[in-house]
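Undergrad: please work out how this folds:
(chains A and B)
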Protein chains: 2
Amino acid sequence: MKIVVAGGDGFCGWPTALYLSKQGHDVAIVDNLVRRKYDEELRSNSVTPIYSLEERVAKWKEKTGKEIKTYIGDLNHYDFLSEVFRQVQPDAFVHFAEQRSAPYSMIDREHAVYTQQNNVIGNLNVLFAIKEFAPSCHLIKLGTMGEYGTPNIDIEEGYIEIEHKGRKDKLPFPKQPGSFYHLSKVHDSHNIMLACKIWGIRATDLNQGVVYGLHTEETKQDPVLANRFDYDGVFGTALNRFLVQAATGHDITVYGSGGQTRGFLNITDTIRCVEIAAENPADAGEFRVFNQFTESFSVKELAEKVQKVSREQGLDPHITSLDNPRVEAEEHYYSAVNTRLRDLGLQPNLLTDDVLRGILETAIEHKDRVIKENVLPTVTWK
Amino acid sequence: MKIVVAGGDGFCGWPTALYLSKQGHDVAIVDNLVRRKYDEELRSNSVTPIYSLEERVAKWKEKTGKEIKTYIGDLNHYDFLSEVFRQVQPDAFVHFAEQRSAPYSMIDREHAVYTQQNNVIGNLNVLFAIKEFAPSCHLIKLGTMGEYGTPNIDIEEGYIEIEHKGRKDKLPFPKQPGSFYHLSKVHDSHNIMLACKIWGIRATDLNQGVVYGLHTEETKQDPVLANRFDYDGVFGTALNRFLVQAATGHDITVYGSGGQTRGFLNITDTIRCVEIAAENPADAGEFRVFNQFTESFSVKELAEKVQKVSREQGLDPHITSLDNPRVEAEEHYYSAVNTRLRDLGLQPNLLTDDVLRGILETAIEHKDRVIKENVLPTVTWK
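TA: From the prediction side, this is the model:
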């Protein structure tokens, strides 16, 4: 299958591109390399050293003989995107190429506007390019579980059957996103839904939970293939950030009470979910939503897991509570359905102590690279 | 009350600005005059001659002694918008300043992108400006009934209580908008909802139906104060367009079966609804939604009403069905709640034969201005 991985230089995109290439697909990466520029802007970095995209794909070719073509450019530039579609004629377009940090989108007006413009217009361009150049191409779009917020009812996969005043309909699940970033994903979902309806585009929205881990079978083959590992207050997500805090002698900092509960998954499951979606495309005109996570945890539970494993490694991190920089419910109901990907064959890699230890060891190995002043949150929602 | 009317040179904005000024409010118009440029782009016009904004406000001052300040600029330019907020310090910001045509947004990719960027980013800027310069300012935002689409259940005002698997929550009503324009309004609504939640902004979303008519007590005072009257396939809406067709000897053209049912209201009710919202502001942090229409009609019913009144005037328009240029259900359930504005005092001006005759007479008076080749739809959804 000819597959474009947009955002293929990023945390989810890079291991996905490698995995799909290994599985025999003809993979092309589209990326504007902006994730590296965010690091420069924030004076931050990845715990793991990461190599240039050029070096990465060259090493992959050296190791496996497989070629991954790269197209360096921006989805917001339609001429560029058109050329990619003309050259690749993809069967599937995996779309990771969005600004993906909630705190980044909340820095100020410019970052909010940038995030929504970049994500929403880039995604619109993808829809128009599919319509124009590859109408049967399957759009596999990265959404987020954060689109749903934390309603007081069970979260279904994209749609909910509602009975109201004696009538019934299956309608899009109501959205209550909690940042300008999460909002951009909600906007994308609505835009894609219309494109499917009016143009017959086939699309799968992967409403992904928080991803932890970094290594996959493929990225482990060589240091040049290593995946990035974010820990700063802007791009680091709960579990990975806690492990870096533990490795560097920092307190594990929980925002508020830590009762915030979310769906999580291992990066090794991310890449498998994308493969499952690609192998089982949506029907023409279908806007299909999968909730892509394997387990739910509260932030406090994660902190405690990290503390336990760290102690076994001779570390002794404390868990402390910070004033929550976000505006979010800290105690709430959370129960989300996630059966569709498992029904299609996903076998979850759960969060075991071994998994935690593996990530912790990587954090310890590179702990001198950690810029300590970046660990705590500096961006507030207010 | 100090009130900004953004989009105050347009079809809804101009009569709203006059009415609020007459009622004693201190009104400032913000407009980039782009509605006039769309006419140039589409080689179209208003059936009624419309004067420059400068002439309009000068005439208003001459007639009433009341001054309406004008700020010519774009909400997408934050420096400009900031300056407006600094100078005016508004108590209410009435936001009509968006690209408001569904067909315009469906012309091609550029028009879709323009519509979403213009509307979504402009509205984001308004939210940030309120936060920065006038945190207690009440945002009165024009939404659309089209945000809801045509679900098979009753449409509530913004929120719906859902019972699901033994639990309950009041959640945003699911959205199924039918064009890139309608989508932009959905995106706005979600963005505003978050801003209210995290910053304590007070906002009212007026989910307006299709507006008909053009005259108000104020616009009738002088030809220079006249409101615009759109009839072309891009900016003309069902009822007004039918009346122009009847006046010019054109068939009344219904898209498809004409079973499409929507909420409608008279422009004289639009201006009153805005006043009601302004006089009864949302609470700090509240995102309030009013469904702003007074009656529901199918397109076919409207065509028949126009035909009947036209015949009484000695005209004899035929009703013909065109292939529907849109992708929409032509036979569907439609029942929407609209009690909140009436509870606050709205006394609807219903669609009587007299009202139809009044609009028809204006169309006949200016029928030589109608550019006939603009009447039929040229933009398709596919």
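Undergrad: give me the element A:Ala246 is part of.
TA: helix A:238-247 (DSSP states H and E).
Undergrad: I'd like to know which elements that helix is packed against.
TA: Using 3 or more Cβ pairs under 8 Å, 6 or more residues apart in numbering or on different chains; DSSP states H and E, the elements in contact with helix A:238-247 are strand A:210-212, strand A:252-255, helix A:299-312, helix A:353-365. Every residue, glycine included, has its C-beta placed from N, CA and C.
Undergrad: what's the closest of the ones you listed to chain B?
TA: Closest of the helices and strands packed on helix A:238-247 to chain B is strand A:252-255, at 14.5 Å (criterion: Cβ to the nearest Cβ).
Undergrad: pull the CA atoms of the closest one into CSV?
TA: Presented in CSV, the C-alpha positions along strand A:252-255 are these (Å, rounded to 0.1, in the frame of the first residue of the first chain):
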residue,chain,number,x,y,z
ILE,A,252,7.0,14.1,40.5
THR,A,253,4.7,17.0,40.0
VAL,A,254,1.0,16.3,39.9
TYR,A,255,-1.3,19.2,38.8
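Undergrad: neighbouring strands - and their directions - for that strand?
TA: Its sheet considered, strand A:252-255 pairs with strand A:319-322 (parallel) by DSSP bridges.
Undergrad: how about the strand it pairs with, which residues are buried there?
TA: Using 16 or more other Cβ atoms under 10 Å in any protein chain shown as the burial criterion, the residues of strand A:319-322 that qualify are A:Ile319.
Undergrad: hmm, who's touching it?
TA: Under the contact criterion Cβ atoms under 8 Å, 6 or more residues apart in numbering or on different chains, strand A:319-322 has outside partners A:251-258, A:300, A:303-304, A:307, A:376-377.
Undergrad: so after that strand, what's the next helix or strand?
TA: helix A:340-343.
Undergrad: rewinding a little: show me how to select, in PyMOL, the buried members of the contacts of strand A:319-322.
TA: Per 16+ other Cβ under 10 Å, the buried members of the contacts of strand A:319-322 correspond to this PyMOL selection:
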select buried, chain A and resi 251+252+253+254+255+256+258+300+303+304+307+377
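Undergrad: distance to A:His318 and pLDDT added to the contacts of strand A:319-322, as TSV?
TA: Formatted as TSV, the contacts of strand A:319-322 follow (distance: Cβ to Cβ, whole Å; pLDDT from 0 to 100):
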residue	distance to A:His318	pLDDT
A:Asp251	5	96
A:Ile252	7	97
A:Thr253	10	96
A:Val254	11	96
A:Tyr255	16	96
A:Gly256	17	96
A:Ser257	16	96
A:Gly258	13	97
A:Lys300	13	97
A:Ala303	10	98
A:Glu304	12	98
A:Gln307	8	98
A:Leu376	14	93
A:Pro377	17	94
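Undergrad: I'd say A:Leu18 and A:Thr219 touch.
TA: Yes - here A:Leu18 reaches A:Thr219: they are 6.5 Å apart, a contact under Cβ atoms under 8 Å.
Undergrad: what touches both of those two?
TA: Common neighbours of A:Leu18 and A:Thr219 (Cβ under 8 Å, 6+ apart) are A:Leu225.
Undergrad: in the stretch 101-250 of chain A, what residue spans correspond to helices?
TA: Ranges of helices in the stretch 101-250 of chain A, per DSSP state H, counting those that start in this stretch, are A:102-105, A:109-116, A:122-133, A:180-199, A:238-247.
Undergrad: any idea how far the last one is from the middle of the chain?
TA: Think helix A:238-247. Mean C-alpha position of helix A:238-247 versus that of the full chain (Cα atoms, centre = their mean, to the nearest Å) differs by 18 Å.
Undergrad: now do the first one
TA: If you compare the mean C-alpha spot of helix A:102-105 with that of the full chain, they lie 14 Å apart, counting by Cα atoms, centre = their mean.
Undergrad: briefly note if it comes near chain B.
TA: No - residues of helix A:102-105 are not located near chain B by Cβ under 8 Å from any Cβ of the partner chain, the shortest gap being 10.6 Å.
Undergrad: which strands and helices lie in contact with that helix?
TA: The elements that helix A:102-105 packs onto, with contact taken as 3+ Cβ pairs under 8 Å, 6+ apart, are helix A:109-116, helix A:180-199.
Undergrad: any idea which of the ones you listed is most buried?
TA: helix A:180-199 (a mean of 24; mean count of other Cβ atoms under 10 Å in any protein chain shown).
Undergrad: pLDDT on it, on average?
TA: For helix A:180-199, mean pLDDT rounds to 98.
Undergrad: residue at max distance from the center of chain A?
TA: Ranked by distance from the centre of chain A (Cα atoms, centre = their mean), the top residue is A:Gly166, with 39.6 Å.
Undergrad: buried sites along the host helix or strand of A:Arg86?
TA: Assigned by DSSP H and E, A:Arg86 belongs to helix A:78-88. By neighbour count on 16+ other Cβ under 10 Å, the buried set for helix A:78-88 is A:Tyr78, A:Phe80, A:Leu81, A:Val84, A:Phe85, A:Val88.
Undergrad: what does stretch A:14-27 give?
TA: Within stretch A:14-27, the residues that count as buried by 16+ other Cβ under 10 Å are A:Trp14, A:Pro15, A:Thr16, A:Ala17, A:Leu18, A:Tyr19, A:Leu20, A:Ser21, A:Lys22, A:His25, A:Asp26, A:Val27.
Undergrad: could you look up the SS state of the nearest residue to A:Gly233 once chain neighbours are set aside?
TA: Nearest non-adjacent residue to A:Gly233, counting by Cβ to Cβ, 6 or more residues apart in numbering or on different chains: A:Pro377, 4.0 Å away. Recorded secondary structure, A:Pro377: coil (DSSP: H, G, I helix; E, B strand; the rest coil).
Undergrad: distance check, A:Pro377 against B:Arg272.
TA: 47 Å (Cβ to Cβ, to the nearest Å).
Undergrad: what's the pLDDT at the residue nearest to A:Gly256 when sequence neighbours are not counted?
TA: Computed as Cβ to Cβ, 6+ apart, the closest residue to A:Gly256 that is not its neighbour in sequence is A:Asn324, at 3.5 Å. A:Asn324 carries a pLDDT value of 96.
Undergrad: what residues are up against A:Val309?
TA: Counting by Cβ under 8 Å, 6+ apart, the residues that A:Val309 touches are A:Asp353, A:Leu356, A:Arg357, A:Leu360.
Undergrad: one more pass at 6 Å, please.
TA: A:Asp353, A:Leu356, A:Arg357 (Cβ atoms under 6 Å, 6 or more residues apart in numbering or on different chains).
Undergrad: what's the burial count for the last one?
TA: This points to A:Arg357. Residues lying near A:Arg357 (other Cβ atoms under 10 Å in any protein chain shown) number 15.
Undergrad: contact partners for it?
TA: Counting by Cβ under 6 Å, 6+ apart, A:Arg357 makes contact with A:Val309.
Undergrad: related to what we said a few turns ago, what is whatever helix or strand comes next after the helix holding A:Arg86 packed up against?
TA: Counting by DSSP H and E, the next helix or strand C-terminal to helix A:78-88 is strand A:92-95. Here strand A:92-95 touches strand A:2-6, strand A:138-144, going by 3 or more Cβ pairs under 6 Å, 6 or more residues apart in numbering or on different chains; DSSP states H and E.
Undergrad: helices or strands next to the first one in the packing?
TA: By that I understand strand A:2-6. helix A:13-22, strand A:26-31, strand A:92-95.
Undergrad: how about 10 Å then?
TA: Here strand A:2-6 touches helix A:13-22, strand A:26-31, strand A:69-72, helix A:78-88, strand A:92-95, helix A:122-133, strand A:138-144, helix A:267-279, going by 3 or more Cβ pairs under 10 Å, 6 or more residues apart in numbering or on different chains; DSSP states H and E.
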